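> Sequence first, predicted model second:
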Amino acid sequence: MPRLIYLQLHLLVVVFATTSIFGHLITLSAPALVAWRTFLASLGGALLMALVLRRDPLPPPGRMLRLLGIGCIVGGHWMCFFGAIKLANISICLAGMATTSFFTAFSEPLFDRRRVRPLEVALGLLVVLGILLVAGFERGRLAGLAVALLGAMLASVFPVLNRRLVNQGRMDPLVMMIWEMVGACLICLGCLPWLDGPGAFVTMFEWKGLDWLWLLLLAWACTVFAYAFHIQLLRHLSAYTVNLANNFEPVYGIIAAALLFGEHRQLHPAFFVGTGAIITANLLHPLILRELARRKRLLAAGL
């Protein structure tokens, strides 16, 4: 069972990695893109529940407010994610987002009221080392990297909050997804005039080419399915484990960006050294945990 869960987790990360490709292809600004994504996702999820699953999508009022609040954090994270792609490129954005595990090493203990684990901090620092290598040699894209780091900090919060809701109330992941997407959509619409100017509500309808297709795929495949499944996995895995696995997203995304857009030609070799540090942190985490568990069993058996 654990191996199957980890396989599902990494397949989910592959799906998440495709969102960066859609973000590059869609011509809309980051807030408009996220507003459409979250609107279409909440609409698709509600129709799926009402017409196909025939379940009530309305949670209790108090829980609904909590979901809307978490959705606002998700919306802020996604605006940073797609904004970093627009300011820099896919590779820089994904490298910055990989610091999520470092931030989660502190956010999860804070919300769960437990001590910070030195192992998680140490592996998070290895990720930070990778980011320093990226930042030191990609100075022309520091604004995009800074926005990505802010997005990573936000991404360290909402999985922890979702995990608490899932464990406390056994809520339907699809219901959680619908109302969090509503909250994300509202925060994006509120930010539109501030980030895109007074004509933002007009320009968000100026779709070009295949924008409509990429938005539908982004909303329904990468959000309705992937986000709800992400919440489901939080019933079995810690937020730190999920976010650490999500650090493979840069690997898949950077490979895709190199194949589709030739981005590897724009990057300094140190970028790939930094990304290697991130991959190493991901590989070390389950290996160290397995070894610690083995030693604990041996001590308990008196060997």
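Arrived safely. Residues are numbered from 1 along each chain as shown.
> List the residues that contact residue 14.
residue 252 (Cβ atoms under 8 Å, 6 or more residues apart in numbering). C-beta coordinates here come from the backbone N, C-alpha and C atoms, glycine included.
> How confident was the prediction at it?
Turning to residue 14, the model gives it a pLDDT of 84.
> Ok, residue 101 next?
Residue 101 is assigned a predicted lDDT (pLDDT) of 75.
> Distance-wise, check it relative to residue 261.
Using Cβ to Cβ, to the nearest Å, one gets 26 Å for the distance from residue 101 to residue 261.
> Settle it for me: which of these two has more neighbours?
Neighbour count, other Cβ atoms under 10 Å: between residue 101 and residue 261, residue 101 has more, with 29 against 16.
> Mind telling me what element that one is part of?
helix 100-112 (DSSP states H and E).
> for that helix, packing partners?
If contacts are counted by 3 or more Cβ pairs under 8 Å, 6 or more residues apart in numbering; DSSP states H and E, helix 100-112 sits against helix 118-137, helix 142-155, helix 158-169, helix 239-245.
> what residues does that helix touch?
The contact list for helix 100-112, computed with Cβ under 8 Å, 6+ apart, reads 115-117, 120-121, 123-125, 127-128, 152-153, 155-157, 159-161, 164, 238-240, 243-244, 246-247, 281.
> and the helices and strands packed on helix 100-112 as TSV, adding mean pLDDT?
Below are the helices and strands packed on helix 100-112 laid out as TSV (pLDDT from 0 to 100):
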stretch	mean pLDDT
helix 118-137	77
helix 142-155	91
helix 158-169	80
helix 239-245	70
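> Tell me the backbone dihedrals of the closest residue in space to residue 130 that isn't next to it in sequence, please.
Of all residues not flanking residue 130 in the chain, residue 277 sits nearest, at 3.4 Å (Cβ to Cβ, 6 or more residues apart in numbering). Main-chain dihedrals, residue 277, degrees, to the nearest 10: phi -60, psi -40.
> Quick check: residue 277 vs residue 287, distance?
According to Cβ to Cβ, residue 277 and residue 287 sit 16 Å apart.
> Over to residue 173?
For residue 173, the distance to residue 287 equals 29 Å [Cβ to Cβ].
> Determine which member of those two has the greater number of neighbouring residues.
Between residue 173 and residue 287, residue 173 has the larger neighbour count (other Cβ under 10 Å), namely 19 against 9.
> quick one, what contacts the nearest residue to the more buried one once chain neighbours are set aside?
Of all residues not flanking residue 173 in the chain, residue 231 sits nearest, at 3.9 Å (Cβ to Cβ, 6+ apart). Residue 231 sits next to 162, 166, 173, 176, 177 when contact means Cβ under 8 Å, 6+ apart.
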